[in-house]
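> dropping the sequence and predicted coords here.
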Amino acid sequence: MLTITRQDGTDIAALMNDLGRRARAAAGPLSIATAAQKDAALSAMADALLANQNAILAANERDMDNGRQAGLSAALLDRLKLDPARIAAMADGIRAIAALDDPVGDILAAWDRPNGLRIERVRTPLGVIGVIYESRPNVTADAGALCLKAGNAVILRGGSDSAQSSAAIHACLVEGLEKAGLPADAIQRVPVTDRAAVGEMLKGLSGNLDVIVPRGGRSLVERVQNDARVPVFAHLEGICHLYLDRSADLDMAVAIAVNAKMRRTGICGAAETLLVDRAAADRLLAPVLDALAGAGCEIRGDAEVCARFTGAGPATEEDWRTEYLDAIISVKLVDGVSGAISHIETWSSHHTEAIVAEDAAAVERFFNEIDSAILLHNASTQFADGGEFGMGAEIGIATGKMHARGPVGVEQLTSFKYRVRGTGQTRP
């Protein structure tokens, strides 16, 4: 068997398998921890984040300096950056998770059989979850807290660009666990940045890893989906569409388009393609594109858009399949809701799509015929977020159709088992 070591002599496989064994050992007591214990740990974690804000910001500044020297784009630096408001938001997110109902032990369904058996379907933790992510250090807090609330142990593997920020945040999570008397190994962080550590997680850590959640760019997610030997909750890309119907209110269309694209361009819920009903192009197109351009967005349009809006550059076929994660948007005129549905079903990554319309029939067609994880009416695509859904936070967005779809929150981080109660029945 090939042994992969770091330059300092660390055996990566042995290191990772030890993390897996410790996580599995922690998963047992965590699965039966009371809601009060878990919530006490979460509250202590939030307190620790705020108490250690200066240390977290100092660590983040080191990561930011390294990122600038490495030539990270403005969008990636924005993902990486922490400030007091973002740290406060992390703490608030953890408190919101604590305020959620404990999903573990929840009876999903119950029924009686004619033979007298009583059957219950009951929520249980998944076990040990591996989270592999890039750039965003806040994922350390979100993922650790969500997994804990759902009774799971978790192994966190952040990107090298956010290593110091993630380490500082992780220390606060461990502090919270210890104050609540829960195993410190319930939330572990991979202490090395070697890519080989990811490979070991994809193998399943000798059977100790139950699920992997990748959160990052296409190359990371593609590798995980292709190579993982355990189930994966993920989305490959966030190619999100915003469609402006002929019935759309103009002021609403302008406000939603600018927010959907420009609020934060580097998140997976940012709109990447704008579709405008050809029948309303005279009324909608110029005001919306003027507002986007005025906000600093580059416009790439089809031939009709370029003919109508001089500030647009030509879009190629590649633009329709591109997740820019930047201040760029592709724009196309379509023949009503039918044209929008056709374009979206051709090019969408099935993450999030939105329609701005006052015509109820158009909205219902859009909702019924588009097969994406999240659909919105008269609202920005940037609401594609577990926190905005009232889940406290999310560990990611899943676009698959098995087990979890859309924001992956505490309920999606559970499985279930059947409890069958009898009075001495035997099967004939």
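Cool, the structure landed. This is a predicted model, so every value here is computed, not measured.
> run a quick neighbour tally on residue 247.
By other C-beta atoms under 10 Å, 19 other residues sit near residue 247. From N, CA and C alone the C-beta is placed, and that goes for glycine too.
> let me redo that: residue 248
Residues contacting residue 248 under the criterion other C-beta under 10 Å number 26.
> what's the closest non-adjacent residue to it?
Using C-beta to C-beta, 6 or more residues apart in numbering and skipping the chain neighbours, the partner closest in space to residue 248 is residue 356 (4.2 Å).
> my guess is the one you found meets residue 381, correct?
No: using C-beta atoms under 8 Å, residue 356 makes no contact with residue 381, being 10.9 Å away.
> common neighbours of the two, please.
Here residue 356 and residue 381 share the contacting residues residue 242, scored by C-beta atoms under 8 Å, 6 or more residues apart in numbering.
> what about the strands in the stretch 201-350 of the chain?
In the stretch 201-350 of the chain, the strands defined using DSSP state E, counting those that start in this stretch lie at 211-215, 240-244, 271-277, 298-301, 313-314, 328-334.
> dump the ones you listed to a markdown table, plus mean neighbour count, distance to residue 27 and mean pLDDT.
Listed next are these as a markdown table, based on neighbours: other C-beta atoms under 10 Å; distance: least, C-beta to C-beta, whole Å; pLDDT from 0 to 100:
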| stretch | mean neighbour count | distance to residue 27 | mean pLDDT |
| --- | --- | --- | --- |
| strand 211-215 | 26 | 12 | 91 |
| strand 240-244 | 28 | 35 | 98 |
| strand 271-277 | 27 | 38 | 98 |
| strand 298-301 | 21 | 47 | 98 |
| strand 313-314 | 12 | 53 | 98 |
| strand 328-334 | 23 | 43 | 98 |
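> which one of these lies closest to residue 428?
Of all those, strand 211-215 sits nearest to residue 428, with 39.5 Å by C-beta to C-beta.
> contacts for that closest one next, please.
126-134, 136, 139, 143, 201-202, 220-221, 224-225, 228, 230-234, 395-396, 408.
> just stretch 49-68 next, same as before
76-77, 80-84, 87-88, 90-91, 94, 137, 141, 161-165, 167-169, 171-172.
> now, which of those residues lie within helices?
Secondary structure defined by DSSP state H assigns 76-77, 80, 84, 87-88, 90-91, 94, 141, 163-165, 167-169, 171-172 of the contacts of stretch 49-68 to helices.
> can I get the buried part of the residues you listed as one ChimeraX selection?
Filtering the ones in helices among the contacts of stretch 49-68 down to the buried ones (16 or more other C-beta atoms under 10 Å) takes a single ChimeraX command:
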select :76,77,80,87,90,91,94,141,163,164,165,167,168,169,171,172
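> tabulate the strands of the stretch 201-350 of the chain (CSV), appending distance to residue 261.
Putting the strands of the stretch 201-350 of the chain into CSV (distance: least, C-beta to C-beta, whole Å) gives the following:
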stretch, distance to residue 261
strand 211-215, 21
strand 240-244, 8
strand 271-277, 5
strand 298-301, 10
strand 313-314, 16
strand 328-334, 5
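> my guess is residue 142 contacts residue 394. True?
Yes: assessed by C-beta under 8 Å, residue 142 is found in contact with residue 394 at 6.9 Å.
> which helices and strands does the lengthiest helix in the chain pack with?
Secondary structure assigned by DSSP H gives helix 12-31 as the longest helix of the chain. For helix 12-31, the elements it packs on are strand 118-125, strand 128-133, strand 153-157, strand 187-189, helix 195-203, judged by 3 or more C-beta pairs under 8 Å, 6 or more residues apart in numbering; DSSP states H and E.
> would CSV of these with distance to residue 267, mean pLDDT and mean neighbour count be doable?
Output for the helices and strands packed on helix 12-31, formatted as CSV (distance: least, C-beta to C-beta, whole Å; pLDDT from 0 to 100; neighbours: other C-beta atoms under 10 Å):
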stretch, distance to residue 267, mean pLDDT, mean neighbour count
strand 118-125, 28, 97, 17
strand 128-133, 13, 95, 28
strand 153-157, 20, 97, 27
strand 187-189, 23, 98, 25
helix 195-203, 23, 95, 20
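> got any ranges where the stretch 251-400 of the chain has weak pLDDT?
Scanning the stretch 251-400 of the chain for pLDDT under 70 picks out the ranges 392.
> tell me what the nearest residue to residue 232 once chain neighbours are set aside is bridged to.
Among residues not flanking residue 232 along the chain, residue 212 sits closest, at 5.1 Å (C-beta to C-beta, 6+ apart). Beta-bridge pairing of residue 212 under DSSP bridges involves residue 130, residue 232.
> for residue 277, same thing?
With DSSP bridges as the rule, residue 277 is bridged to residue 334.
> contact partners for it?
Per C-beta under 8 Å, 6+ apart, neighbours of residue 277: 243-246, 248, 284, 333-337, 339-340.
> phi, psi of residue 249?
Torsion angles at residue 249 (phi, psi; degrees, to the nearest 10) stand at phi -70, psi 130.
> against residue 205, how distant is the residue nearest to residue 248?
46 Å (C-beta to C-beta, to the nearest Å).
> name the residue in these two with the higher neighbour count.
More crowded of residue 356 and residue 205, by other C-beta under 10 Å: residue 356, with 29 against 23.
> beta partners for that one?
For residue 356, the beta-bridge partners under DSSP bridges are residue 244.
> what pLDDT does residue 163 get?
Residue 163 is assigned a predicted lDDT (pLDDT) of 95.
> what do you get for residue 6?
pLDDT for residue 6: 55.
> tell me, how many residues neighbour the nearest residue to residue 293 once chain neighbours are set aside?
Among residues not flanking residue 293 along the chain, residue 311 sits closest, at 5.2 Å (C-beta to C-beta, 6+ apart). Residues lying near residue 311 (other C-beta under 10 Å) number 15.
> so how far is residue 270 from residue 311?
Counting by C-beta to C-beta, the separation of residue 311 from residue 270 is 20 Å.
> likewise for residue 83?
When residue 83 is compared with residue 270 (using C-beta to C-beta), they lie 20 Å apart.
> and what of residue 99?
For residue 99, the distance to residue 270 - C-beta to C-beta - is 28 Å.
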